[in-house]
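the following comprises the amino acid sequence and a computationally predicted model.
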Amino acid sequence: MHDIPPDPTGLYEHEIWLMRAMGWSWAEMMNTPKNVIDELSIRISAENKWTSKRHEMDKMRSNR
């Protein structure tokens, strides 16, 4: 999940990104309400961003 690009591009890239993150099939994705999809996208993106920042900070600390 940490290697997911934060800004997917392409026709179905966002859907594929979310399906991979959640372990969903296309049918599960299509049967999920849009507001849930939107919320998951926001939260997973935020988690990925801050996990990346934490790794950067840990790396900087270890190089001291």
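Looks like it arrived, so ask away.

ranges for the helices of this structure?
13-22, 26-30, 34-62 (DSSP state H).

hey, which of those helices is tucked in deepest?
Ranked by mean neighbour count under mean count of other Cβ atoms under 10 Å, the helices of the chain are led by helix 13-22, which reaches a mean of 15. To be clear about C-beta, it is placed using only N, CA and C from the backbone, and glycine gets the same treatment.

take the helices of the chain and lay them out in JSON lines including mean pLDDT.
Formatted as JSON lines, those follow (pLDDT from 0 to 100):
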{"stretch": "helix 13-22", "mean pLDDT": "90"}
{"stretch": "helix 26-30", "mean pLDDT": "95"}
{"stretch": "helix 34-62", "mean pLDDT": "91"}
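
quick one: end-to-end length of stretch 17-33, please.
Terminal residues of stretch 17-33 lie 17 Å apart, using Cα to Cα, to the nearest Å.

run the chain-centre distance for that stretch.
Relative to the chain's own centre, stretch 17-33 is displaced by 12 Å; criterion: Cα atoms, centre = their mean, to the nearest Å.

try stretch 30-38
15 Å.

same thing with stretch 50-64?
On Cα atoms, centre = their mean, the centre of stretch 50-64 falls 19 Å from the chain's centre.

likewise stretch 9-27?
The answer for stretch 9-27 is 10 Å, by Cα atoms, centre = their mean.

go on, stretch 43-58?
That offset, for stretch 43-58, works out to 10 Å (Cα atoms, centre = their mean).

tabulate the CA atom coordinates of it in PDB.
The C-alpha atoms that make up stretch 43-58 are tabulated as PDB, following Å, rounded to 0.1, in the frame of the first residue of the first chain:
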ATOM      1  CA  ARG A  43      -7.700   8.600   3.800                       C
ATOM      2  CA  ILE A  44      -5.400   6.200   1.900                       C
ATOM      3  CA  SER A  45      -3.700   9.100   0.200                       C
ATOM      4  CA  ALA A  46      -3.200  10.900   3.500                       C
ATOM      5  CA  GLU A  47      -1.800   7.800   5.100                       C
ATOM      6  CA  ASN A  48       0.600   7.200   2.200                       C
ATOM      7  CA  LYS A  49       1.800  10.800   2.300                       C
ATOM      8  CA  TRP A  50       2.500  10.800   6.000                       C
ATOM      9  CA  THR A  51       4.100   7.300   6.000                       C
ATOM     10  CA  SER A  52       6.400   8.600   3.300                       C
ATOM     11  CA  LYS A  53       7.300  11.700   5.400                       C
ATOM     12  CA  ARG A  54       7.900   9.500   8.400                       C
ATOM     13  CA  HIS A  55      10.300   7.300   6.400                       C
ATOM     14  CA  GLU A  56      12.100  10.400   5.200                       C
ATOM     15  CA  MET A  57      12.500  11.700   8.700                       C
ATOM     16  CA  ASP A  58      13.600   8.300  10.000                       C
END
